[in-house]
Each structure stands twice: as C-alpha cells, then as structure tokens.
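Enquirer: Sharing a model that was predicted from the sequence below.
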Amino acid sequence: MKDDASLFQRILGAFRPGAGANLHVFLSYSRRDLPLTMELAEHLKRMGCKVWFDQQIIGGQQWWQSIIDHIRAADLFLFVLTAESLVSPACAQEYDYAAKARKRILPVLAADDVDIRLLPAALQQIQVVDVRHRADAAWQALEQALLHLPPAPPPSPFPVAAPPPPISPLGRLREQVQGSPLDFPQQAALVLQLKTLLADPKTATPARNLLQELRGRSWLLASVAAEIAALLDPAGSDASSAPVPADIAMSIDLMPPDYRNVADVPPDQLLLYEAQMHDDLLEITPHLPYLDALRVGAPMPALAGGFTWEFPRLDVKLVNNTPRTLFFTQAVLRVQASEPIRDTIVVAHADVGRANALHLLLVNQGWAEITGGEVHFNVLPAPDDALRRGVPLTPPTIGAAFVHVMALPPMTEGRDHNQANLDLSTALRAEGVYTYGLEQADILKGRKPHAAGPDGPEYTLRAADGRDVQVPARALDDWRGRCYGPFHNGAALIAGEARYTTAAGQRGISRFYAIVYLSNEYLAGAAVMPSQQYEAELPVKQHDYAVRVPIAHALKTGEADRFTIRLGSPQSALHHLIIELHYNGGEVSSQPVMLHLFVPRSGKAVGR
C-alpha cells in the first residue's frame, strides 16, 4: 500500500478554497488511521469546511454522546474507508446512525486493501471518491464531490434513537460473573457471549479468565459447567457438535420482509428486522421508527390501525464442495435460552370510524402489565385540515404544563384488557362542550321524533340550563353544533402523556396526540374487538320474512360493545334489510342495508 499520508501532503497545496463553503463535516475513521485522518482534516479546512472528529473531545466529556451530537449537527458524514475502519464497531455504529438520521454520506477510499464489493449494500450505492493514487486527479475528484453534493434530504420527522456506545462487553460480563446467582437462561446467555469473545484473539484472554472464574461459582449448574469445560479444554471434552467441514459452506442471513402488497401504511409503522455480525455472532433486532421515536420521548400521533409486521425469516445458504451428494433431512434448532421481553408500549389509537365520541383509546402494545398511572393532557382545537382522511396531523407542542389529569386504569393481559378507553367528558365540559346534549343527539339518531311541531317532527331535548326544549328533527345538526362550544368542527386535539407503573415497579412515560370527536358519525360502539360473533342464513326468493338470531349482551351505563353477524345465502342474491336489536322495553333499528351476496358454484368458503 502506498504512503497515504504523503499522498495528502502532495495534494494539500493544490486545493482551491471555497469548495467546502462552511460545510460542517464529520469524519468517521479508525484510530489506526489517525495520521491519514488528520491530514484529510487539514485538507478539508483549507477548502472552507468546518471539520470535526473525535480528537477534539476534551477530558471529562461523555465521548459517545459528543460524537452523536456532532453527527446530528453535521452537513456531511465523510467515511474514511480503510481495512481498519470497515471492521471498527464504532465506525459501523456511526455510519448506521448517520444513515438513519438522513445525513449526506460521502465515502472516501483511502487504502488499497479495501474491496468495494464487500461494502454494506447501502454504501455501495453511493459514488466512492478514490484518493489512493494520482494525487492531482484524486484531489480534483474530492473537490468536485464536495461542489456537487446532492441537496440535503429533509430531516427525519421522528427522533432517531442513538445507538449504545461501542464499549467492550467484558466489564458488564464481569459484573454478572461476580454478582448474584443467575438462573439457567442467564447462565446460558452469559456463556454464549463469552464463547463469542473467546474466538476473537483480541478478547480471548480476558474471556478465558472470566470463564474460569465463572466455573468456580457455587451456583453454577452442572450442564453449564460441562459446556465451560468443553470451551476451556476442547481436546478433553466429548462435545457432540462437530465443526462444519471445510468443504461444506453454510451461512445464515436475514431475508428482507415482503411488503410489496402493503399499501397506505406509513413507513414509520412498518416493522423491519436488521442483522449485524459481531465477530461470529449474528444479531437480529427489530426496527420500528414509530417505537424508536416513542422510546426517546417524542410525542407520537394516534395509530389509525395496528403496526404492519411479519416474523423474521432466516436465509440459510449451503454450498456442497464434497465429491458426493449430500441429503439434508433435518434442521435442528438448539436453543440455549428463550426469555420473554416484557416492555411497555402505550400508544393512542385513532377513532377512524368516528364511533368512539368523547373518548380516547390507549392501548399497551407491549407485554408488561401496567398496574395504573395517570394521563396528563391539554384539550386544543383540532385543525380543519386534520379531519380530512390522508392529511397528516402536525405535531403540537407538548410541554410540562397540563391542564387536565385523570387516572389510568390497569392494563393487563387478556383480550381487551390491554387497553383503556378514557372518558374525556369531564375535561371537555370544562372546555365548554355540552357533552350531555351531544349524547342525547347521538342516542336519538335514527329514532322517530317525539312529537309533531309547527316546523315538522320534533325531539324533546334537555338544554344546558336544565330546561326541556323542542328541537325540530331537521335542526338536530344545528343543536349538535351549539353543543360543540368552541370546537366548531366537532373535534378536539388531545395532546399529553401517559405516566404509568408496571407490575415490576418500573415507571414510564408515553407522549401522544390524537383527534377526539365530540359526536359519533356511526353508532358502532367503542373501537374495541368484537365480543361475540353470530351467523345467519338468508333464503332466496322470499319477501317480508324475518330471521331471528339469538344474542346476549348486557351494557351498563356508559359501556359500549361490538359484535359481528356473518350473513350467508344458498346462492348469489341481492338482499334488502334492516337490523333490529330488541332489548327490555323497546328496540333500535339500523339504517337500510342493500347486500349483494356472491356465492360461487365451485370452491370452498373460508369459515362456515
């Protein structure tokens, strides 16, 4: 490899100032390439760039946080490509964070022993500036790259979680070895991590020392002790797992998810898995931008539905270089430990069907039980644009001063138990909404008027001052509008945070903002899963008949419910119907339904 430092010395004087034009440049490099990086930094400064790299961290600073802060502030992330930087965990995490933060990235090839074909796939798509040879041409290429940088992409609308500092895990593992007794899954996971470090020449000695120390702990289980003995003395062990023969190649990677048929799903609500190699360990972790932002304290909009996800698929590749045919008949997954991840993910759900008036639905998407807490929030006017489907809601400012507070009930395991449908009537009344008047209007929707008045059929409604007033049926919408008070469009923007405690005693905060409608457009109950499913068969070539479906539902005051009725027919038919629900003392009817049923003559129906 040629002398890279001398290369930069030769081209240093040929540079024309101004190409950098006050560009803030972050240099990502390996410490072994420090002389080369310092030359490059001087080079860029003469171009007019403001350059930062970690040699400028002063004593007492939190070094990794300082690096993250400077990546956030940078206009350009310049990756110095050498054999050392490409295997550096710190460089990998810096590059990954810069890519997620939508920073412009410029890879600079600075060493001969780098194979461009082995770069990360995303990095291969960026034009690499080659400064290894021919000083004048290399310098001109770098200058032109800075002069013709693409426009800066818009910043990510959601905060990007900073990766953990790339520190050696040995200190943390030593604390586990010397700490309180561990159960089997914890012991197995500890040995697996030490086994990985044992295979790395740079960490083999301290990993072996920790294994020897662990073997002397009185609480160590016999099966784990046997595995440690096999690692420390492979020749003396009777381990049954033979190494993979050199002429049979096997690799495992992660297959990307197939979301080609997914439409109208916000990208931040698509679950992706990421695979990273740590020496010989393949680590697969989930990445969901919505949750990443929620975990760092960003206020998040209400979900219009659930997240879109699929389980990860492992991509197993085999190459047979033996002279004989091999028949692989079984794949055995030997699992050392499986432990549940109990986290809390409290999110607001949007009232898409306008069927949950005056309420806010909070759902715990995690697997930890919430024993209770409080919801602090403000009630703001809802922008008119935000009520149109497909128009994103601008995040409001959520500060520390909240006007309203209410209790958050427990959110436990079980269907519908992981959610809390909060009644905001008290807070909305305090903001000037006549909630009882709106509830009256929703109840009367679809019912016959009480009497005939001079202006046509009339309803009897209770006004805010306690008087009974006669409201013409055609003026029911005007009545509803007066009940809205200051919220002229019939909706309020709720912005706040849920403060909760888990069954394990951990505390958490989730910030949210959501549109809450003041009246229902459809009387379909709260936005919960159907509690029952019923079925009915409709005959053909009949008129004026009734099909009775036994149901059983009890609703207390303020409660809501939801159920389904699957309708079938012996053949394709057009049905006109309404649905009546009978209760003790009366009945309530639906709007008319025109049902086109298509029943193929062949094939098999899903369900009955």
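Expert: Now that the structure is in, tell me what you want to look at. Quick caveat, the model's predicted, so the values are computed rather than measured. Residues are numbered from 1 along each chain as shown.

Enquirer: Looking at the spatially closest residue to Leu270 that is not a sequence neighbour now. What's its pLDDT?
Expert: Nearest non-adjacent residue to Leu270, counting by Cβ to Cβ, 6 or more residues apart in numbering: Thr308, 5.2 Å away. Where C-beta positions appear, they are placed from N, C-alpha and C, glycine not excepted. pLDDT for Thr308: 82.

Enquirer: Enumerate every residue touching Thr308.
Expert: Each residue near Thr308 by Cβ atoms under 8 Å, 6 or more residues apart in numbering is listed here: 259, 262, 265, 269-271.

Enquirer: Please repeat the previous calculation with a cut-off of 10 Å.
Expert: Contacts for Thr308 were tallied using Cβ atoms under 10 Å, 6 or more residues apart in numbering; they are 257, 259, 262, 265-267, 269-271, 288.

Enquirer: Pull out the buried members of the residues you listed.
Expert: 257, 266, 269-271, 288 (16 or more other Cβ atoms under 10 Å).

Enquirer: in those, which two residues are the furthest apart from each other?
Expert: Pro257 and Pro266 (15.7 Å; Cβ to Cβ).

Enquirer: how about the helices of the stretch 301-450 of the chain, start to end?
Expert: 425-430, 435-444 (DSSP state H, counting those that start in this stretch).

Enquirer: Worst mean pLDDT among those?
Expert: Minimum mean pLDDT among the helices of the stretch 301-450 of the chain: helix 435-444, a mean of 82.

Enquirer: and after it, which helix or strand comes next?
Expert: The C-terminal neighbour of helix 435-444 among helices and strands, as given by DSSP states H and E, is strand 451-453.

Enquirer: And Val160, how far from Lys103?
Expert: 10 Å (Cβ to Cβ, to the nearest Å).

Enquirer: Mind checking the pLDDT average for the host helix or strand of Asp136?
Expert: Using DSSP H and E, Asp136 maps to helix 135-147. Across helix 135-147, pLDDT averages out at 81.

Enquirer: Glu593: neighbouring residues, count only.
Expert: Slight slip there: residue 593 is Val, not Glu. Counted with other Cβ atoms under 10 Å, the neighbours of Val593 add up to 11.

Enquirer: typo on my end, Glu42
Expert: Using other Cβ under 10 Å: Glu42 sits among 14 other residues.

Enquirer: and stretch 165-179, how far from the chain's centre?
Expert: For stretch 165-179, the distance from its own C-alpha centre to the chain's C-alpha centre is 29 Å (Cα atoms, centre = their mean, to the nearest Å).

Enquirer: same deal with stretch 221-240?
Expert: Worked out by Cα atoms, centre = their mean, stretch 221-240 lies 41 Å from the chain centre.

Enquirer: repeat for stretch 73-89
Expert: Stretch 73-89 has its C-alpha centroid displaced from the chain centroid by 27 Å (Cα atoms, centre = their mean).

Enquirer: May I see the helices of the stretch 301-450 of the chain arranged in TSV, with distance to Val593 as well?
Expert: Shown next, in TSV, are those (distance: least, Cβ to Cβ, whole Å):
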stretch	distance to Val593
helix 425-430	31
helix 435-444	20
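
Enquirer: Show me the one of the ones you listed that comes nearest Ala491.
Expert: helix 425-430 (10.9 Å).

Enquirer: Okay, buried residues for the helix holding Asp136 please.
Expert: So, applying 16+ other Cβ under 10 Å, buried residues of helix 135-147: 135, 138-139, 141-143, 145-146.

Enquirer: With stretch 99-116 instead?
Expert: Applying 16+ other Cβ under 10 Å to stretch 99-116 flags 100-101, 103-111, 114 as buried.

Enquirer: Just those: which are in helices?
Expert: Here DSSP state H is the test, and the buried residues of stretch 99-116 give Lys100 as lying in helices.

Enquirer: closest to Glu369 among the buried residues of stretch 99-116?
Expert: For the buried residues of stretch 99-116, the minimum distance to Glu369 (Cβ to Cβ) is 31.5 Å, reached by Lys100.

Enquirer: so who does the closest residue to that closest one other than its chain neighbours touch?
Expert: Sequence neighbours aside, Val160 is the residue nearest to Lys100 in space, at 4.7 Å (criterion: Cβ to Cβ, 6+ apart). Contact analysis of Val160 by Cβ under 10 Å, 6+ apart lists 68, 71-72, 96-102, 289, 292-293, 296.

Enquirer: Give me the buried entries from those.
Expert: 68, 71-72, 96-98, 100-101, 289, 292-293.

Enquirer: Can you tell me how far Val25 is from Arg32?
Expert: On the measure of Cβ to Cβ, Val25 and Arg32 end up 21 Å apart.

Enquirer: you'd agree Asn22 is up against Val51?
Expert: No: applying Cβ atoms under 10 Å, one finds Asn22 not in contact with Val51, separated by 11.3 Å.

Enquirer: three-state assignment of Phe512?
Expert: strand (DSSP: H, G, I helix; E, B strand; the rest coil).

Enquirer: Hmm, Leu422 and it touching each other?
Expert: No: between Phe512 and Leu422 there is no contact under Cβ under 10 Å: 11.4 Å.

Enquirer: hmm, back to that, who's more crowded, Val25 and Arg32?
Expert: The residue with more neighbours, out of Val25 and Arg32 and counting by other Cβ under 10 Å, is Val25; that gives 24 against 13.

Enquirer: mind checking which helix or strand that one is in?
Expert: strand 24-28.

Enquirer: Buried residues in that strand, which are they?
Expert: Across strand 24-28, burial judged by 16+ other Cβ under 10 Å covers 25-28.

Enquirer: again with stretch 422-434
Expert: Buried, per 16+ other Cβ under 10 Å, within stretch 422-434: 422, 424-425, 427-428, 431, 433-434.

Enquirer: before we move on, the earlier item: nearest to Glu458, of the helices of the stretch 301-450 of the chain?
Expert: Nearest of those (Cβ to Cβ): helix 435-444, 10.9 Å.

Enquirer: which residues sit against that closest one?
Expert: So helix 435-444 is contacted by 357-358, 423-429, 434, 450, 459-464, 469, 471, 473, 476-477, 479-480, 482-485, 490, 517-523, 558, 588 (Cβ under 10 Å, 6+ apart).

Enquirer: quick revisit: show the average pLDDT along the next helix or strand after the helix holding Asp136.
Expert: Downstream of helix 135-147, the next assigned helix or strand under DSSP H and E is helix 170-178. Computed over helix 170-178, the mean pLDDT rounds to 87.

Enquirer: buried stuff in helix 170-178?
Expert: If you call a residue buried by 16+ other Cβ under 10 Å, then helix 170-178 has these buried ones: 170, 173, 176-177.

Enquirer: from those residues, which single one is nearest Arg342?
Expert: Using Cβ to Cβ, the buried residues of helix 170-178 come closest to Arg342 at Gln176, 19.7 Å.
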